[in-house]
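*Asks:* just to be clear, the model below is a prediction. Sequence and coordinates:
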Amino acid sequence: MPVPEGSQLPHQPQAVHPGIPTNIPFNELYYRDSDDFDLCSDGSNPQLPSDPPMHSDFLSNIELYLGASQAFPGGKTFMDNFFADKYTSLRRDNLFYPFASQENWQLGSWLLRLGLSMAGIDSFLKLDLIKILTISFRSAKQLCLCAEMLPSDPLWKSLQICPPVATKRAVTLYYRDPIDCLQALLSHLFFEDHISFIPWKVWSIAARLVWLYNEWLTGDHAWELQSYLPPGSTLLGITLSSDKTNISVMSGNRMAHPLLVSLANIDTNIHSKGSLHSHLLLALLPVPLFIHPKSRVCSLLSDRLFHKCLDIVLGPFKVAASVGIMMNDPKGNLHYCYMPLIGYIADTPEQSLLACTSPKTSSVSTAAHKQFGDGIRHPCRTASKTLSNILAICSKYNLDDYGHFLNTAKSYGFNGVDQPFWINWPLSDPGRFLKTESLHHVHRFFFDHDLQRCIVVVGDTKIDYCFTLIRTLDAITGLCNATSLASSLARFLRSSSPLFVPLWIFATLLNCLALMNTHCSQLDTALQMFHDHKDSIITAGAHSSDHFHVPKLELLQHVVPVIWDSGAIMQWSADATEHAHVTEVKNPVCARNNQDYYSQIARHLNCTDKCFLFDIATCIASSLRLEAEHDEDEDDGEEHEPDGEVQNLLLYYFPTHKVVNYFQAACILVNGPCPGIPKPLRSFTSSTTAFHLALKPFLRLTIPEALELFRLPDLHNAICRYLDRCSSGEPHDVSEQRQPTSCVTLSDKMQIWTNIRVQLRTWRDPGSVEPVQTLVVAPPSAKYPSGCYDCGIVSPSADSDWPDSGLKGLQAFLSSLVDHADLKLQVI
């Protein structure tokens with residue numbers, strides 16, 4: 001859908017860089033941690049003589065959309081906004097105004113965020129111990145007045161709505177300005193190095209034959225939308241989420257309907273973490289109780305009110321998607337932005353409500369109820385088709401004739417909504433922004449249907465035994481994740497229940513954060529395999545009915561188009577939004593008196609957001625002032641220690657810790673001038689794995705002593721075999737017990753490490769590394785007669801295509817690292 005005619009960019013100031021020239025360093029075009037690409041802030045790399053081969057190849061396989069996202073000077077940063085309110089002059093002398101000092105602010109912030117009632121705060125302030133303190137507030141009321149003077153986040157508004165039918169309670173919509181909320185996300189310090197504005201494609205090889213899909217900006221949709229925008233424009237992908245949630249405690253049936261907003265330009269690894277607050281509460285939609293004798297008419301009126309409220313709240317986004325708007329990025333530059341709706345995270349009933357379809361009609365395709373079990377992908381439901389059908393329904397009956405209008409709408413497969421909220425939102429189509437959601441549509445589907453069938457066929461005892469084995473392996477190695485657990489269970493059940501394996505493989509692949517075209521083909525193949533043999537499940541008595549008319553099963557047909565369109569499915573999971581319901585709605589309700597829920601939620605969030613942002617801003621400002629004072633003292637010849645408390649606070653507030661990259665460390669040790677480094681090197685790598693040892697070994701033993709301590713009868717033979725292969729230039733293999741060989745007895749003591757730090761490259765993204773894992777070995781003792789060893793799985797071949805090959809050709813091992821002279825020996 002192109003930009004409406006007549007929508008032109010206003011006169012623009014001189015750009016920081018006209019267009020996107022190809023000679024600009026990549027880290028200046030794509031906001032991401034420079035450490036992720038082994039680059040310094042200026043694009044140079046003085047410490048690393050040559051990048052690791054796989055890493056540099058990964059960077060060369062990236063194609064950027066040239067001419068996108070011009071940056072202009074004159075924007076404001078987070079700290080600029082902090083010093084832009086009416087009390088800025090007073091904060092030059094007292095940074096913590098309206099509080100008298102930093103200690104006063106710490107006490108006030110603690111009381112405001114503790115969840116105490118006004119009476120509870122008053123009782124605390126009346127304690128004799130507190131009365132002797134010099135504080136700027138003596139009552140809860142004074143404390144709240146001080147909080148009102150803090151720099152504000154996007155303010156809450158309320159709007160009274162008069163529906164056409166009477167309700168039991170007044171209908172009030174609480175919401176915030178969506179542009180202000182989006183600007184708060186864009187300007188937030190947390191996301192400065194984790195947000196991107198330019199669509200890009202990642203290819204697995206330099207020939208650019210296989211496309212890698214991970215972030216939203218790597219999909220076809222972002223590339224297509226950017227082509228509709230004027231040159232130099234910035235594409236901001238709006239992501240919404242809504243779902244009803246119960247806010248009553250123990251009794252009652254009070255419901256809240258929160259609407260969350262986020263930005264798809266934020267990196268997935270940040271976007272998916274609920275603790276980083278990348279989803280902001282935009283509105284509290286009313287949940288009315290209509291006074292009407294027919295419940296289905298009440299549902300119709302609720303659905304229409306829902307779309308009307310969304311239309312009111314999201315109006316500024318629609319204007320910005322039509323004509324664009326200037327926004328600040330985290331670095332203080334200006335971008336001319338367009339804001340289409342590209343994602344709406346919702347469960348199945350909510351998706352039907354958003355698409356204006358009935359529950360027995362697919363929200364993303366033209367499939368009806370009896371077609372949900374078909375093994376084909378039905379045509380996509382587009383906005384134009386939906387609107388044409390709604391117009392046909394409206395031409396037959398009056399909107400106020402609820403009964404006949406609803407009957408006609410049901411015959412067309414719709415729910416009776418006549419004005420969808422997305423009707424006038426440019427570049428937005430429910431066929432594109434409604435996506436298969438992994439939590440409800442995939443994992444919940446497998447739990448409710450596939451797992452239950454599997455239990456019937458395999459039996460409770462065998463399933464329990466299978467999960468027991470998986471948990472034991474996870475506890476020993478610490479290397480398993482959710483994907484490997486599902487894969488292990490699928491392989492375990494293959495011999496006894498092969499009918500269920502295709503869908504388990506399907507779910508396993510969807511857990512990946514990066515997928516290639518080959519994996520999309522595997523998804524289609526696995527799903528088609530299930531449909532080809534699903535009748536056998538009914539024959540085996542594992543299915544309670546004689547059909548598969550399940551809405552979520554039909555949604556699985558559209559997983560691959562969603563991956564092509566918008567990247568990996570996992571980034572659209574409702575995990576983060578469900579967590580946001582707790583922090584943004586349920587916790588504020590529990591901190592109040594259960595009266596007038598929505599207004600109290602708004603007041604609570606307004607106060608806590610102010611405290612949170614003021615805490616960050618004052619911490620950064622204090623650090624900057626200390627640095628300035630330190631520079632002045634250095635000019636005077638005086639030296640002072642840095643303030644450790646301020647530095648720790650800054651580290652605490654930022655969202656991610658740096659992942660140690662042992663591949664880069666090993667490359668520096670090998671190629672860089674590093675005098676004084678002990679030999680052999682304690683960090684070394686293969687093509688896919690990095691190993692790191694402590695500087696000092698745990699033990700120094702001769703071979704007979706190590707053989708006796710660790711009870712390794714073939715230790716001497718393994719060392720001899722290793723030396724023979726090294727002398728002949730042959731690779732060291734991973735095999736069974738070694739046969740005795742003739743070898744010179746080594747009398748020197750060996751260096752033995754019992755802790756090994758291991759790091760792998762991400763198997764779907766060779767340019768990234770996994771978190772470091774530690775393998776530990778302990779010799780036999782009275783408590784553990786056979787010793788204690790962490791186990792692992794290794795491939796004897798360097799060209800293994802794991803995990804696609806499963807466990808075929810892999811071998812298990814118990815390991816410790818032994819070093820003799822200049823030789824690093826792996827004992828198997």
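*Replies:* The structure has been received and is ready for your questions. Numbering: from 1, shown residues only.

*Asks:* surely Val758 is in a strand?
*Replies:* Yes. Under DSSP: H, G, I helix; E, B strand; the rest coil, Val758 sits within a strand.

*Asks:* so Leu259: helix, strand or coil?
*Replies:* strand.

*Asks:* could you double-check that it lies in contact with His279?
*Replies:* No. Contact criterion CB atoms under 8 Å: Leu259 and His279 do not qualify, at 10.3 Å. To be clear about C-beta, it is placed using only N, CA and C from the backbone, and glycine gets the same treatment.

*Asks:* name the helix or strand for the spatially closest residue to Leu263 that is not a sequence neighbour, please.
*Replies:* Closest residue to Leu263 apart from its sequence neighbours, by CB to CB, 6 or more residues apart in numbering: Leu185 at 5.2 Å. Per DSSP states H and E, Leu185 falls inside helix 178-187.

*Asks:* quick one: mean pLDDT for the helix or strand following that helix?
*Replies:* Following helix 178-187 in sequence order, the next helix or strand is strand 200-203 (DSSP H and E). The average pLDDT within strand 200-203 is 84.

*Asks:* chain center to strand 200-203: distance?
*Replies:* Its chain's C-alpha centre and that of strand 200-203 lie 19 Å apart, by CA atoms, centre = their mean, to the nearest Å.

*Asks:* one more: stretch 606-622?
*Replies:* Centroid separation between stretch 606-622 and its chain, computed with CA atoms, centre = their mean, is 25 Å.

*Asks:* tell me the mean pLDDT over that stretch?
*Replies:* The pLDDT scores in stretch 606-622 average 88.

*Asks:* quick one: buried residues of it?
*Replies:* 606-611, 613-622 (16 or more other CB atoms under 10 Å).

*Asks:* same check on stretch 277-284?
*Replies:* For stretch 277-284, a neighbour-count test (16+ other CB under 10 Å) marks 277-284 as buried.

*Asks:* of those residues, which belong to strands?
*Replies:* Counting by DSSP state E, the part of these found in strands is 280-284.

*Asks:* show me which of those is closest to Leu723.
*Replies:* Nearest to Leu723 among these is Leu280, at 62.4 Å by CB to CB.

*Asks:* could you find the closest non-adjacent residue to the closest one?
*Replies:* Closest residue to Leu280 apart from its sequence neighbours, by CB to CB, 6+ apart: Cys181 at 4.9 Å.

*Asks:* any idea how far the one you found is from Gly567?
*Replies:* Using CB to CB, to the nearest Å, Cys181 is found at 23 Å from Gly567.

*Asks:* surely Gln557 is in a helix?
*Replies:* Yes. Under three-state DSSP, Gln557 sits within a helix.

*Asks:* so it touches Gln528, yeah?
*Replies:* No. Using CB under 8 Å, Gln557 makes no contact with Gln528, being 9.7 Å away.

*Asks:* what's the angle from the helix ranked longest in the chain to strand 280-285?
*Replies:* In the chain, taking DSSP state H as the definition, the longest helix is helix 597-635. Going by axes from the mean of the first three to the mean of the last three CA atoms, to 10 degrees, helix 597-635 is angled at 160 degrees with respect to strand 280-285.

*Asks:* return the distance of helix 597-635 from the chain's centre.
*Replies:* Helix 597-635 has its C-alpha centroid displaced from the chain centroid by 26 Å (CA atoms, centre = their mean).

*Asks:* ok, stretch 750-769 next?
*Replies:* Centre to centre, stretch against its chain (CA atoms, centre = their mean), the figure for stretch 750-769 is 24 Å.

*Asks:* for that stretch, what is the average pLDDT?
*Replies:* The pLDDT scores in stretch 750-769 average 78.

*Asks:* elements contacting the helix holding Leu185?
*Replies:* Of the remaining helices and strands, those touching helix 178-187 by 3 or more CB pairs under 8 Å, 6 or more residues apart in numbering; DSSP states H and E are strand 255-263, strand 280-285, helix 315-323, strand 325-328.

*Asks:* what do you get if the cut-off is 10 Å, keeping everything else the same?
*Replies:* Identification of packing neighbours for helix 178-187 by 3 or more CB pairs under 10 Å, 6 or more residues apart in numbering; DSSP states H and E yields helix 78-82, strand 238-242, strand 255-263, strand 280-285, helix 315-323, strand 325-328, strand 334-338.

*Asks:* would you single out the least confident of the ones you listed?
*Replies:* Among these, helix 78-82 carries the lowest mean pLDDT (a mean of 85).

*Asks:* and it, which residues are buried?
*Replies:* The neighbour-count check on helix 78-82 (16+ other CB under 10 Å) flags 78-79, 81-82 as buried.

*Asks:* repeat for stretch 218-232
*Replies:* So for stretch 218-232, counting by 16+ other CB under 10 Å, buried means 218-223, 225-226, 229, 232.

*Asks:* nearest to Ile342 among the residues you listed?
*Replies:* Of these, the one sitting nearest to Ile342 (CB to CB) turns out to be His221, at 6.4 Å.

*Asks:* surely that closest one touches Leu341?
*Replies:* No. Checked against CB atoms under 10 Å, the pair His221 and Leu341 is beyond contact range at 11.3 Å.

*Asks:* what do these two both touch?
*Replies:* Residues touching both His221 and Leu341 by CB atoms under 10 Å, 6 or more residues apart in numbering: 237, 427, 429, 432-433.

*Asks:* which of the residues you listed count as buried?
*Replies:* Those of these that meet the buried threshold are 237, 427, 429, 432-433, by 16+ other CB under 10 Å.

*Asks:* ok, now which ones touch the residue most central in space within the chain?
*Replies:* Central residue of the chain (CA atoms, centre = their mean): Ser272, 2.1 Å from the mean position. Going by CB under 10 Å, 6+ apart, Ser272 touches 266, 278, 513, 570-573, 575-576, 579.

*Asks:* and the angle from the longest helix of the chain to strand 255-263?
*Replies:* Using the same axes, to 10 degrees: helix 597-635 against strand 255-263 is 30 degrees.

*Asks:* tell me how far stretch 567-574 is from the chain's mean position?
*Replies:* On the basis of CA atoms, centre = their mean, stretch 567-574 sits 8 Å off its chain's mean C-alpha point.

*Asks:* doesn't Phe197 make contact with Tyr336?
*Replies:* No. Taking contacts as CB under 10 Å, Tyr336 lies outside contact range of Phe197: 11.1 Å.

*Asks:* now do the shared contacts for these two.
*Replies:* With contacts defined as CB under 10 Å, 6+ apart, the residues shared by Tyr336 and Phe197 are 69-71, 233-234.

*Asks:* any low-confidence regions in the stretch 551-700 of the chain?
*Replies:* Residue ranges of the stretch 551-700 of the chain with pLDDT under 70: 594, 628-658, 673-675.

*Asks:* coming back round to it: so which of the contacts of Ser272 is the closest to Asp153?
*Replies:* Nearest to Asp153 out of the contacts of Ser272 is Ser278 (CB to CB; 14.7 Å).
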